[in-house]
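> 3D model of this:
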Amino acid sequence: QVQLVESGGGLVQAGGSLRLSCVASGLTFLRYGLAWFRQAPGKEREFVAAITWSGGSTSYTDSVKGRFTISRNNAENTVSLQMNSLKPEDTAVYYCAADPRQLVRRDDYAWWGQGTQVTVSS
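Numbering: from 1, shown residues only. Model (predicted):
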């Protein structure tokens with residue numbers, strides 16, 4: 001049974017930082033592309049960042065470039081999202097996702113976590 005479990009969300013002031021983590025189980029981790037998506041209240045879920053099997057390539061949505069960094073540890077089956085210079089518009093539920101494809105920006109990933117809330121106050 002595949003499981004993705006996120007952690008690290010919380011409340012932070014604008015300009016602050018948070019690090020989200022996602023632990024995967026039940027899949028051959030290094031054969032999966034990984035991504036983070038987010039969904040703000042009243043909005044559709046949107047792509048944030050993705051990383052390839054090896055971690056050698058990444059992709060980001062324009063609004064987070066230079067502020068967020070996605071990384072993975074294939075030995076520990078984890079993917080992380082370091083978020084710096086947070087803005088109130090980053091407030092959302094953040095989801096990690098896994099799929100055999102790589103660097104896909106559509107939200108049709110095979111496996112999803114339950115989400116973790118990130119709230120940025122102004």
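> OK, contacts around residue 109?
Neighbouring residues of residue 109 by Cβ atoms under 8 Å, 6 or more residues apart in numbering: 35, 97-99. Any C-beta I mention is one placed from the backbone N, CA and C, and that applies to glycine too.
> go again using 6 Å as the cut-off
By Cβ atoms under 6 Å, 6 or more residues apart in numbering, the contact list for residue 109 reads 97, 99.
> please apply the same query to residue 93.
By Cβ under 6 Å, 6+ apart, the contact set of residue 93 is 39, 115, 117.
> my read: the second one touches residue 95, true?
Going back to what we said before, that points to residue 115. Yes. Residue 115 is in contact with residue 95 according to Cβ atoms under 6 Å; the separation is 4.8 Å.
> nearest the geometric middle of this structure, what residue?
residue 36 (2.4 Å; Cα atoms, centre = their mean).
> ok, now how distant is that residue from residue 122?
Using Cβ to Cβ, to the nearest Å, residue 36 is found at 23 Å from residue 122.
> next one: the residue nearest to residue 50 when sequence neighbours are not counted relative to residue 14, how far apart?
Leaving aside its sequence neighbours, residue 50 sits nearest to residue 35 (Cβ to Cβ, 6 or more residues apart in numbering; 3.9 Å). Remark: distance between residue 35 and residue 14 (Cβ to Cβ) = 25 Å.
> same question for residue 49.
20 Å.
> so for these two, which residue has more residues nearby?
Taking other Cβ atoms under 10 Å, residue 49 and residue 14 do not tie; residue 49 has more neighbours (24 against 13).
> helix or strand: which one has the residue nearest to residue 50?
strand 33-39 (DSSP states H and E).
> avg pLDDT for that strand?
Across strand 33-39, pLDDT averages out at 98.
> can you check stretch 74-90 too?
Mean pLDDT, stretch 74-90: 97.
> now the end-to-end length of it.
Stretch 74-90 stretches 27 Å from its first residue to its last (Cα to Cα, to the nearest Å).
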